[in-house]
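> Test case, fold it:
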Amino acid sequence: MSVAPRLELALRPSRRWAWLLAVTLGVVALVCIGLPLKPWERIGLIGALLGVGVLAARDWRWLAGADLLLWDETTWQLRVRGEYVRLENCRLEYLSPWLIVLSYTAPKRRRHLPLFGDAMTAEGFRQLQVRVRSGALA
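Okay, here's the model as predicted:
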């Protein structure tokens with residue numbers, strides 16, 4: 001089985017990712033409410049969670065703007081809000097039948113790109129799985 005030299009995947013928002021985020025936030029909120037904490041400890045915990053939330057929202061907004069993943073035999077590129085970002089040092093972090101997580105170096109920092117099966121066509125997700133299993137990450 002040969003691998004196509006070029007891969008172009010149109011991305012769309014993933015319902016599964018949104019659902020997992022909502023469930024995670026709900027569980028964290030329930031745990032925080034149920035913890036027997038002193039008022040100053042509760043304020044510290046809320047502050048820490050807000051900081052994590054701000055960082056997560058920043059990354060989510062950036063990745064939510066991604067609409068195209070492109071492989072052109074030598075490099076991976078991600079189109080985010082009309083601008084192409086070259087994915088340097090791209091490597092596979094996690095692979096399952098419904099989720100692929102790639103990590104890469106983008107301008108200024110290391111990022112992770114979760115790609116859920118419902119964020120693209122079934123055939124596109126299958127092609128991406130074949131590509132990463134064959135070691136075609138650069």
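> ok, Glu88 - contacts?
Tyr104, Thr105, Ala106 (C-beta atoms under 8 Å, 6 or more residues apart in numbering). For every residue, glycine as well, the C-beta is placed using N, CA and C.
> And the next helix or strand past the helix or strand harbouring Ser103?
Assessed by DSSP states H and E, Ser103 sits inside strand 99-106. Using DSSP H and E, the helix or strand that follows strand 99-106 towards the C-terminus is strand 109-116.
> List the buried residues for that next one?
Within strand 109-116, the residues that qualify as buried by neighbour count (16 or more other C-beta atoms under 10 Å) are Arg111, Leu113, Pro114, Leu115, Phe116.
> How far away from the center of its chain is that strand?
Relative to its chain's centre, strand 109-116 lies at 4 Å (C-alpha atoms, centre = their mean, to the nearest Å).
> Stretch 24-43 too?
How far stretch 24-43 lies from its chain's middle: 27 Å, per C-alpha atoms, centre = their mean.
> What is the end-to-end distance of that stretch?
By C-alpha to C-alpha, to the nearest Å, the extent of stretch 24-43 from end to end equals 20 Å.
> related to what we said a few turns ago, and the average pLDDT for the strand holding Ser103 is what?
Model confidence over strand 99-106 averages 89 on the pLDDT scale.
> In the chain, which helix is the longest?
helix 39-64 (DSSP state H).
> quick one on the thing from earlier: in ChimeraX, how would I pick out whichever of the contacts of Glu88 are buried, leaving the exposed ones unselected?
Entered in ChimeraX, the line below selects the buried ones among the contacts of Glu88, by 16+ other C-beta under 10 Å:
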select :104,106
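> Out of the contacts of Glu88, the closest to Arg79 would be?
Ala106 (12.6 Å; C-beta to C-beta).
> The closest one pairs with what?
Judged by DSSP bridges, the bridge partners of Ala106 are Arg109.
> That one and Ala66: what is the separation?
In this view, Ala106 and Ala66 are 11 Å apart by C-beta to C-beta, to the nearest Å.
> And for Leu25?
22 Å.
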